[in-house]
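> Sequence and predicted model, in that order:
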Amino acid sequence: MEDFESGSLTNWKAVGGGSGGWFIYTNGRKPPDPAQTSPNVPFDLPDPPQGKFAAVTDMNGPGTLILYRDVKLKGRFMLHMTVFHAGAFGFSSPQTLAYDEPEDNQQFRIDLIGPSAPIDSLAGGEVLVNIFKTSTSEPYERQPTAVKVDVSHWAGQTVRLRLAVTDNRGPLRVGVDNIRFEPIGSDADARIELPSTKEPSRALNLVLQRLTEADALKELSARAERLAGEGEFSGAVLVAKDDNVLFSHAYGLADRKRGIPNTLRTRFRIGSMNKMFTAVAILQLADAGKLELTAHLGKYLTDYPNRDVATKVTIHQLLTHTGGTGDIFGPDFDLHRTELRTLADYVQLYGKRGLEFRPGSRWSYSNYGFILLGRVIEKVTGQSYYDYVHQHIYEPAGMTRSGSLPEDRAVPDRSIGYMKPPGQTAWLPNTDWLPYRGTSAGGGYSTVEDLARFAHALLSHKLLSPDSTELLITGKVKARPGARYAYGFEDARDADGNGWVGHGGGAPGMNGDLKIYPKSDYVVAVLANMDPPAAQRISEYLDPRLPSEG
């Protein structure tokens, strides 16, 4: 028999709440659209091995996601499928699919349930048969594995096939591929019918209930303490509102060899977070009439080596990752890492290559695009990128402990980043993986206090006019589930303005996140001197728990 629904997800239904969503492989031999995955956490699942039916989840924070379809079994069948997953922690599987629980709950399961059962039920009698589920002994990563179950007991009946993933620790990625019902025996009339799916009842409220401010901060403190105690977080956390600090604490060690603890004044490397500074600088120059967002790159980089890039890519497209200019990381970067000392060095290395796609046709995260924006700033102002940002962003915002001095320069209180390379069990300094210095695309260092000052300066219009601030942070193109990309900022606000704007950053040995809530005036800054998603694990835990309005 051909694959179930011939590989189509027509009439499947999705329910759930929290972070992430189900994504469908339109071509099973290629990964999902990069626009549907987080730019800060790699999408590390293997490609579906068959590609005839594939669905995956991308969860970077707490949530329960369920995909389901009713089927009527007109005959006896064996149900086959392939499963695969990658989790951030050991799995836990309490008898609930709720993610708003005090106990750990990270699980992936596939069941047949009765059509009248609550869609999120795990009760005996309502779950007809479990096809696959993770357990506490489940490995971190499961390569594509075939599973099967005899469903002939339900011949002639309608059943509900359910794919469910729950996580309150994050991130967790799971996949299902090559679902198929194969007849048992020689019954030539055996077939599958696909009745209309009625809206299911629910045993749980799949939308996390927001807490009071005091309770949210209490839970944040407990979560951070626990993760730090388990060796899963080392860094600093700050929560402010209306420029008043509500919570701030540091955890772990800035230098493990010398036993130096992290403090609120510790300088952490921030990765891609300084794309926000680059975007602010570009809009400042636009406000001053020194550049046009609709102008092509070649207007400012008149000697740019590739004519297509120079004449077809606009400043707006560079700011929104829609220019098709590609990334900087790969074999060329690894070979020249210590030689790339200025933004001009990057252009010399990558400037001759062509476009990856027609500018404006889609979204694809591009560090090189922000390198080019840094060069535009230098050409327009006659200053180095670093001097401009220091003078026009750090100083007005009162950011006295932020910068991008080279790695070979001694910087007081700059932490050492610790990473676990693939296959390693020990934490190692990330020194040999760092670029010479941060760039306009990422790098440099800051503190949680400085990031909170930046957020306050932005919202109080010390850096940009009100109109330009709104232009900066308002989403322009879909970047991933629940978020649109603005200018160097993600915009995860809903239609009522609830939610956050900001940016994260991550690389081996460093992770950070800044979430600014314009409507409620909360600011959440988390920095870590260890691998992703150490910091985002904290910010994304707090996000659905904070009050949505001030």
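Nice, thanks for sending it over.

> So what touches stretch 327-337?
The contact list for stretch 327-337, computed with C-beta atoms under 8 Å, 6 or more residues apart in numbering, reads 340, 346, 349-350, 365-368, 371, 435-436, 441. Glycine gets a C-beta too; all of them are placed from N, C-alpha and C.

> Now the terminal residues of it, how far apart.
Terminal residues of stretch 327-337 lie 14 Å apart, using C-alpha to C-alpha, to the nearest Å.

> Determine how far it lies from the middle of the whole chain.
Relative to the centre of its chain, stretch 327-337 is centred 23 Å away, using C-alpha atoms, centre = their mean, to the nearest Å.

> List the buried residues in that stretch.
Counting neighbours by 16 or more other C-beta atoms under 10 Å, one finds that the buried residues in stretch 327-337 are 327-328, 333.

> go on, stretch 347-355?
Residues of stretch 347-355 classed as buried by neighbour count (16+ other C-beta under 10 Å): 347, 349-351, 355.

> Tell me where the protein has helices.
In chain order, the chain shows helices spanning 213-229, 275-287, 307-312, 315-319, 331-336, 343-350, 367-381, 385-389, 395-397, 448-459, 466-473, 534-542, with DSSP state H as the criterion.

> closest one to Thr197 among these?
Evaluated over these, closeness to Thr197 peaks at helix 534-542, with 30.8 Å, by C-beta to C-beta.

> Just the C-alpha atoms of the closest one, please, in PDB.
C-alpha atoms of helix 534-542 as PDB (Å, rounded to 0.1, in the frame of the first residue of the first chain):
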ATOM      1  CA  ALA A 534      22.300  27.900  28.700                       C
ATOM      2  CA  ALA A 535      21.100  31.500  28.700                       C
ATOM      3  CA  GLN A 536      18.000  31.000  26.600                       C
ATOM      4  CA  ARG A 537      16.900  28.100  28.800                       C
ATOM      5  CA  ILE A 538      16.500  30.800  31.500                       C
ATOM      6  CA  SER A 539      14.900  33.600  29.400                       C
ATOM      7  CA  GLU A 540      12.500  31.300  27.700                       C
ATOM      8  CA  TYR A 541      11.400  29.700  30.900                       C
ATOM      9  CA  LEU A 542      10.500  33.100  32.300                       C
END
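
> and that helix, what other elements does it pack with?
Contact partners of helix 534-542 among helices and strands, from 3 or more C-beta pairs under 8 Å, 6 or more residues apart in numbering; DSSP states H and E: helix 213-229, strand 235-241, strand 501-507, strand 510-517, strand 522-528.

> Is Gly175 in contact with Ala86, as I believe?
No: taking C-beta atoms under 8 Å as the contact criterion, Gly175 and Ala86 are not neighbours in contact, 9.0 Å apart.

> Neighbour count: those two, which is higher?
Shown here are Gly175 and Ala86; by other C-beta atoms under 10 Å, Gly175 has more neighbours (26 against 19).

> so where's the stretch 1-150 of the chain uncertain?
Applying pLDDT under 70 to the stretch 1-150 of the chain flags the ranges 1-11, 19-20, 23-56, 58-61, 88-89.

> gap between the closest residue in space to Gln106 that isn't next to it in sequence and Glu232?
In space, Gln106 comes closest to Asp167 once its chain neighbours are excluded; the distance is 4.9 Å by C-beta to C-beta, 6 or more residues apart in numbering. Applying C-beta to C-beta, to the nearest Å, one obtains 14 Å for the distance of Asp167 from Glu232.

> Among the two, which residue is more densely surrounded?
The neighbour comparison of Asp167 against Glu232 (other C-beta under 10 Å) goes to Asp167, with 31 against 20.

> if we can go back for a sec, among the contacts of stretch 327-337, which one has the most neighbours?
Ile371 (29 neighbours).

> who's in contact with it?
Neighbour list for Ile371: 328, 343, 346-347, 350, 439-441 [criterion: C-beta under 8 Å, 6+ apart].

> Relative to His390, how far out is it?
Using C-beta to C-beta, which is the criterion applied here, Ile371 is 18 Å from His390.

> Report the contact partners of Lys275.
Contact partners of Lys275, counting by C-beta under 8 Å, 6+ apart, are 370, 440-442, 488, 503.

> Which of those residues sits closest to Ala455?
Lowest distance from Ala455 to the contacts of Lys275 (C-beta to C-beta) belongs to His503, with 11.2 Å.

> measure the closest one to Pro118 for me?
Using C-beta to C-beta, we find His503 at a distance of 38 Å from Pro118.

> Compare neighbour counts for the two and give me the winner.
A side-by-side neighbour count of His503 and Pro118, using other C-beta under 10 Å, places His503 first with 26 against 16.

> List the contacts of the more buried one.
Counting by C-beta under 8 Å, 6+ apart, His503 makes contact with 272-273, 275-276, 488-490, 513-514.

> can you tell me which two in the residues you listed are farthest apart?
Gly488 and Asp513, at 14.5 Å, using C-beta to C-beta across those.

> the more surrounded of these two?
Between Gly488 and Asp513, counting by other C-beta under 10 Å, Asp513 is the more crowded of the two (30 against 27).

> Read off the pLDDT value for the more buried one.
In the prediction, the pLDDT value recorded for Asp513 is 96.

> now it, which residues is it bridged with?
When bridges are called by DSSP bridges, Asp513 pairs up with Gly504, Val526.

> related to what we said a few turns ago, with pLDDT and distance to Lys312 as extra columns, can I get the contacts of stretch 327-337 in TSV?
Supplementary listing: these in TSV, determined by pLDDT from 0 to 100; distance: C-beta to C-beta, whole Å:
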residue	pLDDT	distance to Lys312
Leu340	94	25
Tyr346	95	20
Leu349	95	21
Tyr350	94	16
Tyr365	91	19
Ser366	94	14
Asn367	95	19
Tyr368	96	15
Ile371	97	17
Pro435	92	28
Tyr436	92	30
Ala441	96	20
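
> Between which two of those residues is the distance greatest?
The two members of these with the most space between them (C-beta to C-beta) are Tyr365 and Tyr436, at 22.2 Å.

> Buried deepest among the helices of the chain, which one?
Each of those was scored by mean neighbour count; the highest is helix 534-542, a mean of 26, by mean count of other C-beta atoms under 10 Å.

> what angle separates it from helix 213-229?
150 degrees (axes from the mean of the first three to the mean of the last three C-alpha atoms, to 10 degrees).

> Outside of stretch 98-110 itself, list whatever touches it.
For stretch 98-110, the external contacting residues (C-beta under 8 Å, 6+ apart) are 17-18, 62-64, 81, 83, 85, 87, 89, 91-94, 96-97, 120, 130-134, 147, 161-169, 172, 174, 176, 204, 206, 208-209.
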